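In: Just need the structure, nothing else, for what follows:
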Amino acid sequence: MTDIRHIVFDIGRVLIHYDPEIPFRRLIPDAQTRHWFLENVCTGDWNLEQDRGRSIAEAEALLIGEFPAEEENIRAFYRHWNEMVSHAYDDSVAIMAALVEDGRDVTMLTNFSAETYPRAQKMFPFLALPRGVSVSGELGLIKPDREIYDHHVSAFGLEPSATLFIDDSQKNVDGAIAAGWHAVQFTGPEKLKADLAAHGVVV
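Out: Just a heads-up that it's a prediction; the model follows:
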């Protein structure tokens, strides 16, 4: 049995819900127009660059220059960002909290904008429970690139072979494995409990 001494959680879609559609269902009621906007203007790739460290002001200016008619909706993306993280995944949070209470070494590693992460911290106080967090937008590093995993190991004194990472993205799971970690894809709380148990961690 692997001796897991460090457990690392992703945040978005593991501990908290994230869905850009939520405010835009109200802001752009027509489904076809809304789909076009989120697929061509405020795209996932555009948002990922804020997770990599680009400022919101720069990101908005870039898109407004390309899509001037969409300025109001572009600015609405981060204006209404809090609505996109609509709720916590209570079962996942309970698992994380139980691990912390049990004395396990728990940290977090997340792709998150440096400007929106403080907003999430205010909304979700449980983010203060783990020992600490590596936020991609603060570091200018991003999953699944090897550098961010190595940074997290160094910053928190982890031993990669004794580390278990939990992320909803298979690409990020694969990145952790390539960095020498154990890693599992999050699809729900019951599978997470089973994955933890399979690595010798009973909640």
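
In: any idea of the mean pLDDT for the helix or strand containing Val100?
Out: Element membership for Val100 (DSSP states H and E) is helix 90-101. Averaging pLDDT along helix 90-101 gives 98.

In: Which residues does that helix contact?
Out: Helix 90-101 has contacts (Cβ atoms under 8 Å, 6 or more residues apart in numbering) with 7, 9, 14-15, 106, 126, 129-130, 186, 189, 192-193, 196, 201, 203. C-betas here are computed from N, CA, C, even on glycine.

In: Out of these, which two sit at the greatest distance?
Out: Within the contacts of helix 90-101, Phe126 and Val201 form the most distant pair, 18.9 Å apart (Cβ to Cβ).

In: Any regions of the chain where pLDDT drops low?
Out: The chain contains residues with pLDDT under 70 at 1-2.

In: can you tell me how far the residue with the largest distance to the centre of the chain sits from Pro125?
Out: For the chain, the largest distance from the centre (Cα atoms, centre = their mean) belongs to Ala69, which lies 30.6 Å off. Using Cβ to Cβ, to the nearest Å, one gets 40 Å for the distance from Ala69 to Pro125.

In: Could you do Pro160 as well?
Out: For Pro160 relative to Pro125 (Cβ to Cβ), the value is 30 Å.
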